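# Attaching a predicted model along with its sequence, questions to come.
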Amino acid sequence: MAVQSIITTPLLVILMSLRSYAFTEPSLHRQQPPSKGGVRAAYWPAWSDFSTSSIDTNYFTHIYYAFVQPAPESFNLEITESYKKWAPKYDGIHNIRPRVTTLLSIGGGGNNATLFSEMASSKQNRASFINSTIHVARKHEFNGLDLDWEWPGDEKDMSNLALLLKEWYKALVVEANTSRKSRLLLTSAVYFNSTISLIGNGPRSYPVRAIRKYLDWASPMCFDYNGAWANETGFNAALYDPNSNISTKYGIGSWIGSGVPAEKLVMGLPLYGRAWELKDPNDHGVGAKAVGPAVDTDGSMDYDEILVFNKDTGAKVVYDEVAVSFYSYSGTTWIGYDDGPSITKKVQFARSMGLKGYFFWAIGKDKDWTISKQASNAWGY
Ligand SMILES: *[C@@H]1O[C@H](CO)[C@@H](O)[C@H](O)[C@H]1NC(C)=O
Ligand SMILES: *[C@@H]1O[C@H](CO)[C@@H](O)[C@H](O)[C@H]1NC(C)=O
Ligand SMILES: *[C@@H]1O[C@H](CO)[C@@H](O)[C@H](O)[C@H]1NC(C)=O
Ligand SMILES: *[C@@H]1O[C@H](CO)[C@@H](O)[C@H](O)[C@H]1NC(C)=O
Ligand SMILES: *[C@@H]1O[C@H](CO)[C@@H](O)[C@H](O)[C@H]1NC(C)=O
Ligand SMILES: *[C@@H]1O[C@H](CO)[C@@H](O)[C@H](O)[C@H]1NC(C)=O
């Protein structure tokens, strides 16, 4: 992996900061009675080499297959030659034991936003897309469909999204009635905030009425708050940020404030961090000047890789109790990330807000289910 290229002197000691008391037990004790039920979900990237048979479903209730795309012009889900190699993978997802609820996710970070915009823009396009999603989901025995459109670009896209969700939901109800099967679930991964203002052109707000009425739940992606696109270090997924509104607390608050009930929100949690190359190794705090991404081309780094990096470089690890996030640094490399204790606090936050659950991006990035297990425990399992 890319990590190995920067490992020079392996040191066995991991230095912990004085602020790292959250590692100790008290924060893990449950203050509230366990809340069974709810959604403990994760996306499974089909391109990863992590096999479905290795997924430990004690920690998950729902697994999303990520991703499929609509084809240009027909807007049917693309099961072309190049996608056919994935067919066994769709079916592989049903071999996971114990069984979980499975959803087919459409779109994702690399999706063609123009194509989604076109698909949503006319009744005919939407109908053709919807029909195809149902067909593929039933053929491969998924229990639900998930839309991860990144991103609706303007207000028009947002109002077309409302129509899409309405027509989609109605089609699912009719299909369930006809097929005498349980209705397919309909969910959507959404921006961490109910209005998108920092990406693309101008602010546009999600259609919260349609989301409330037609989705089983929406999943705010509470991560990617900072990354290599900025020239200073910062946290991937701060729970709180006294100096800005780019935080999970603010984002979840904006969704609830805009009218989506807490019990329809499933909060995103990252199993990865973001790494920078520091301008000056002696300037290594949050907000330190950086010259670009470190380790990988986009600076993203899986949790299991971060543990290896920390161990092998003897990186200094710091817990920031304000942001509820970790960072580590060694030489000119700086990584902002989450570990068990911060994820535990975020799950406790989700519970205290009355949310429906949480989801991870993504399966295969944890270290032997360490974080997945702690999240499950914090939820009440
Ligand atoms: C994205 O979709 C649009 C609309 O169908 C198409 O014109 C464009 O070529 C696509 N872009 C890529 C990179 O495939
Ligand atoms: C719906 O999809 C099925 C399977 O792909 C196809 O046979 C049928 O023609 C489609 N119907 C419409 C109205 O698009
Ligand atoms: C369900 O199916 C029955 C018979 O096929 C039909 O009479 C009824 O209108 C359908 N209901 C819905 C909601 O589609
Ligand atoms: C979050 O949404 C609010 C409106 O609810 C908006 O004022 C703000 O600019 C949004 N923030 C981001 C980062 O998109
Ligand atoms: C980061 O620095 C580069 C090179 O100095 C500059 O081109 C870019 O605009 C900066 N990005 C931001 C977000 O400030
Ligand atoms: C955060 O948002 C609130 C309103 O929701 C606003 O009053 C405040 O100025 C914002 N803070 C920052 C730092 O942008």
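Received, thanks. Ligands and ions are numbered 1, 2, ... in the order given.

# Please count neighbours and contacts with C-alpha atoms only from this point.
Noted.

# Pull up the residues of the stretch 51-200 of the chain that are close to ligand 1.
Contacts of the stretch 51-200 of the chain with ligand 1, taken as Cα under 6 Å from any ligand atom, map to P72, N112, T114, L115.

# Separate out the buried members of those.
N112, L115 (16 or more other Cα atoms under 10 Å).

# need the residues of the stretch 51-200 of the chain next to ligand 1 in TSV with pLDDT, can you?
Shown next, in TSV, are these (pLDDT from 0 to 100):
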residue	pLDDT
P72	95
N112	96
T114	98
L115	98
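
# Throw the residues of the stretch 51-200 of the chain next to ligand 1 into JSON lines and include secondary structure and distance to S254, thanks.
Output for these, formatted as JSON lines (DSSP: H, G, I helix; E, B strand; the rest coil; distance: Cα to Cα, whole Å):
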{"residue": "P72", "secondary structure": "coil", "distance to S254": "34"}
{"residue": "N112", "secondary structure": "coil", "distance to S254": "27"}
{"residue": "T114", "secondary structure": "helix", "distance to S254": "26"}
{"residue": "L115", "secondary structure": "helix", "distance to S254": "28"}
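
# from the residues of the stretch 51-200 of the chain next to ligand 1, which single one is nearest K367?
Nearest to K367 among those, counting by Cα to Cα, is N112 at 31.7 Å.

# how much space between the closest one and G202?
Distance from N112 to G202, counting by Cα to Cα, to the nearest Å: 19 Å.

# swap in P72?
Shown here: P72 relative to G202, a distance of 26 Å by Cα to Cα.

# got it, and I256?
22 Å.

# the more surrounded of those two?
Shown here are I256 and G202; by other Cα atoms under 10 Å, I256 has more neighbours (20 against 12).

# Next, count neighbours for the nearest residue to that one once chain neighbours are set aside.
Excluding the flanking residues, the one nearest I256 by Cα to Cα, 6 or more residues apart in numbering is A262, at 6.0 Å. Neighbour count of A262, defined by other Cα under 10 Å: 22.

# Q348 too?
Q348 has 22 nearby residues by other Cα under 10 Å.

# Work out for me the element it sits within.
helix 340-352 (DSSP states H and E).

# neighbouring strands for whichever helix or strand comes after that helix, and are they parallel or not?
Using DSSP H and E, the helix or strand that follows helix 340-352 in sequence is strand 357-361. Strand 357-361 pairs in its sheet with strand 39-45 (parallel), strand 266-270 (parallel), by DSSP bridges.

# pLDDT (mean, whole number) over strand 357-361?
Averaged across strand 357-361, the pLDDT comes to 98.

# distance between it and the chain's centre?
When C-alpha coordinates are averaged (Cα atoms, centre = their mean, to the nearest Å), strand 357-361 and its chain have centres 6 Å apart.
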